[in-house]
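*Asks:* need coordinates for the following:
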Amino acid sequence: MGRRDTLKFSESGVRGIVGEGLTAHLAAELGAAFGFYQGGGRIVVGRDTRPTGEMFEQAVTAGLLAAGCEVVRAGVVPTPTLQFSVKANRAAGGIAITASHNPSEWNALKFIGGAGTFLSPGEAAGLFDLYNQGNLPYRAESDFRGIRPLDGAFAAHEARIREVIDADAVRRRKFRVAVDCVNGVGALYSPGFLERLGCEVVVVNGDPDGCFARPPEPLPENLGELCRVVREAHCDVGFGQDPDGDRLTVVTDAGVALTTHHTVALAVDQVLDGGDPGPVVANVQTSRLVEEIAHGYGCEFHAAPVGEINVVEKMIEFDAMIGGEGNCGGVIYRRVHPGRDSFCAMALILERLAFSERKLSEIVADFPPIANLSCRFALPPIRSRALLAEMTRRYRQYDPLTFDGLRFDLPEGRVLMRSSNTEPLLRLNVECADRRAAEALLERFRAEIQQLIEEAAGT
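*Replies:* Residues are numbered from 1 along each chain as shown. Below you'll find the predicted structure:
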C-alpha cells in the first residue's frame, strides 16, 4: 500500500492511517489552511483518547498559530462537546482530532464551523482548495496570538442537556445502567454523567487509554460483553459508545442489543411524546421505523442525504428539533446543539424510561417490527452511477428518492442502493417487517444488480 493510499478527504474531514497518509506535517498544514479559511480568530481544538491524538493536537495548534489564530484547547473531550463549545465560546471554528469509529491506527481531523456544525460539502471543498494551493501567507511573530486552555467544556455541555430534559424525573427512578465506553472519551465522562442523573453505573471498557478492547463501532455484534453485563448485573439499560462519543447503541434490560436505528427511534419517540410538534428529519439510510413513529404522532417526516451535516441542514430548513442517522445510532437534538450526541441520546432514553411504567424491552416490543439486511458490490463510482440510473428507470413507478442513491418502497419492503462516499463500493440495503421477507428481497435485488454488473462488463 502506498503511503497516501489511506488518506481520505471529505466533508467529514481528513482521515487516514497514521504514518501511511496522515502525518504531523500534513496536520500542521491543514490546521494553517483552516485558520486562514476561517479568517483567523478563535479556534477550539479537542481530541479523543487515541495515543496519537496529542501529537496531532500539537501539530494542528502550530498550524493555527501560524495562521494568526487564537487556539483554545479543550483537551480530551467528546466530539459533541467540542461542537457545543465552538458556539458557546463564540469561536470562529473548531477542529476535532478523532477517527471516530475507525480502528486505533487511524486518526482524523474534523473541521467545525462557527455555528458548531461540520463544514458543508461546499465549505469543505473550499478549505481543501485553499490547502492545495499552498504558499499560505503565514503570520509574523508580531501577529502571534497564543494558546489558552478551555476548562469545564463538558460541564457546560452537560448543563445544557439537563436544561432540556426532566433530570429530576430520571434521578427519582435510580436506574442501574451499564455503559461500554470502548476506552474512549466516554471513559472520562459517561460514568459521572450518568451518576449525576441518579444512576448506579456499571462500566465496561472504562480505561481512557485509547486501546480499544472491542471493534470501536458500537454495532450490536460488537457489544457481547455489554449484553452479558446488563444481564448479570440486572441493569435497566445498557449503552455502547464509540471512541469520540457521538454514536450510541442501546441494550435492553433483557441483555439484547438493539439496532442502531432503535437509538434514534427511542429518542424521537420521547421528544414527540413530550409535546414537540415535529417535524422529524433522518437520513435516507435510517429505518422507516423512525418515519412511522413520526407519522404516529401526526408529524411530518423529511429524508436527508447521508452525512451529519446534511441532516442538520435539512433540520434547520424545516425547523426540526429532533432527528438523526439511524445507520450509526446518531441522535441530533437541536435544543442541545446541532450535532450527533451520545450523551444527549442517553439522557433522552433515560427520560423515556422515567416517564414509562414499563421496561425498555417492553417499550421496543410495541415498535413496528423491522428486519434490515445489506450487502455490497465492488464497483467504482462511474459504474455505480450508470447502474443506479438504470435501476431508477426500471423502478420509476414507485416514486423513488434519488438525491442520495436510489430508494423506493415496494409492497414487501424498502430498497436502498447507494454508492459509498469513501470506498469504490455500491451498497444494497433492504428492510422488511420480518427477516425471511428481507432475505428474499435482498436476494432478488442482489441477483438483479449482479446481472447488470456482468452485462456491463461484457460490453
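
*Asks:* which strand or helix spans the nearest residue to V44 once chain neighbours are set aside?
*Replies:* Distances taken as C-beta to C-beta, 6 or more residues apart in numbering place G94 nearest to V44, at 4.1 Å, with adjacent residues excluded. For the C-beta atoms, the positions are set from N, CA and C on the backbone; glycine is no exception. Using DSSP states H and E, G94 sits in strand 93-97.

*Asks:* then V60?
*Replies:* Going by DSSP H and E, V60 is in helix 53-66.

*Asks:* what comes up buried for that helix?
*Replies:* Of all the residues in helix 53-66, those buried under the rule 16 or more other C-beta atoms under 10 Å are G53, M55, F56, E57, A59, V60, T61, A62, G63, L64, L65, A66.

*Asks:* and that helix, what does it pack onto?
*Replies:* helix 24-37, strand 41-47, strand 69-76, strand 93-97, strand 106-112 (3 or more C-beta pairs under 8 Å, 6 or more residues apart in numbering; DSSP states H and E).

*Asks:* and stretch 386-400, average pLDDT?
*Replies:* Mean pLDDT, stretch 386-400: 97.

*Asks:* I363 in helix, strand or coil?
*Replies:* What DSSP: H, G, I helix; E, B strand; the rest coil gives for I363 is helix.

*Asks:* that one: what's it in contact with?
*Replies:* L266, R352, L353, S356 (C-beta atoms under 8 Å, 6 or more residues apart in numbering).

*Asks:* quick check: K359 touching D253?
*Replies:* Yes. Between K359 and D253 a contact is recorded at 4.8 Å, counting by C-beta atoms under 8 Å.

*Asks:* what do those two both touch?
*Replies:* D236.

*Asks:* who has more neighbours, those two?
*Replies:* Set K359 next to D253 and count neighbours by other C-beta atoms under 10 Å: D253 wins out with 20 against 15.

*Asks:* show me where the protein dips below the pLDDT cut-off.
*Replies:* Low-confidence segments of the chain (pLDDT under 70): 1-5, 422, 459.

*Asks:* the helices in the stretch 251-400 of the chain, which residues?
*Replies:* 260-273, 288-296, 308-318, 342-354, 360-365, 381-394 (DSSP state H, counting those that start in this stretch).

*Asks:* top helix in this protein by residue count?
*Replies:* helix 435-458 (DSSP state H).

*Asks:* then it to PDB, C-alphas only?
*Replies:* What follows is helix 435-458, C-alpha atoms only, in PDB (Å, rounded to 0.1, in the frame of the first residue of the first chain):
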ATOM      1  CA  ARG A 435     -36.300 -11.500   8.300                       C
ATOM      2  CA  ARG A 436     -37.500 -14.100   5.900                       C
ATOM      3  CA  ALA A 437     -39.100 -11.400   3.700                       C
ATOM      4  CA  ALA A 438     -35.900  -9.300   4.000                       C
ATOM      5  CA  GLU A 439     -33.700 -12.200   2.900                       C
ATOM      6  CA  ALA A 440     -35.900 -12.800  -0.100                       C
ATOM      7  CA  LEU A 441     -35.900  -9.200  -1.100                       C
ATOM      8  CA  LEU A 442     -32.100  -8.900  -0.600                       C
ATOM      9  CA  GLU A 443     -31.500 -11.900  -2.800                       C
ATOM     10  CA  ARG A 444     -33.900 -10.600  -5.500                       C
ATOM     11  CA  PHE A 445     -32.000  -7.300  -5.900                       C
ATOM     12  CA  ARG A 446     -28.600  -8.800  -5.300                       C
ATOM     13  CA  ALA A 447     -29.200 -11.000  -8.300                       C
ATOM     14  CA  GLU A 448     -30.600  -8.200 -10.400                       C
ATOM     15  CA  ILE A 449     -27.600  -5.900  -9.600                       C
ATOM     16  CA  GLN A 450     -25.100  -8.700 -10.300                       C
ATOM     17  CA  GLN A 451     -26.700  -9.300 -13.700                       C
ATOM     18  CA  LEU A 452     -26.400  -5.700 -14.600                       C
ATOM     19  CA  ILE A 453     -22.700  -5.600 -13.500                       C
ATOM     20  CA  GLU A 454     -21.900  -8.700 -15.600                       C
ATOM     21  CA  GLU A 455     -23.700  -7.300 -18.600                       C
ATOM     22  CA  ALA A 456     -21.800  -4.000 -18.400                       C
ATOM     23  CA  ALA A 457     -18.500  -5.900 -18.000                       C
ATOM     24  CA  GLY A 458     -19.300  -7.900 -21.200                       C
END
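
*Asks:* counting by contacts, list what it packs against.
*Replies:* strand 371-378, helix 381-394, strand 413-419, strand 425-432.

*Asks:* same thing but at 10 Å, please
*Replies:* strand 371-378, helix 381-394, strand 406-410, strand 413-419, strand 425-432 (3 or more C-beta pairs under 10 Å, 6 or more residues apart in numbering; DSSP states H and E).

*Asks:* how about that helix: buried residues?
*Replies:* Applying a neighbour-count criterion of 16+ other C-beta under 10 Å, one finds A438, L441, L442, F445, R446, I449, L452, I453 buried in helix 435-458.

*Asks:* surely A74 touches I147?
*Replies:* No. Counting by C-beta atoms under 10 Å, I147 is not a contact partner of A74; they are 11.7 Å apart.

*Asks:* now for the two: what residues contact both?
*Replies:* The contact sets of A74 and I147 overlap at V45 (C-beta atoms under 10 Å, 6 or more residues apart in numbering).

*Asks:* compare these two (neighbour count), which wins?
*Replies:* The neighbour count for A74 versus I147, taken as other C-beta under 10 Å, is higher for A74 (24 against 14).

*Asks:* on that earlier part again, pick out whichever of the buried residues of helix 53-66 sits closest to G296.
*Replies:* G53 (42.7 Å; C-beta to C-beta).

*Asks:* against N107, how distant is the closest one?
*Replies:* Distance of G53 to N107, computed by C-beta to C-beta, to the nearest Å: 7 Å.

*Asks:* quick check: neighbours shared by the two?
*Replies:* R47, I97, T98, A99, G210.

*Asks:* noted, bye for now.
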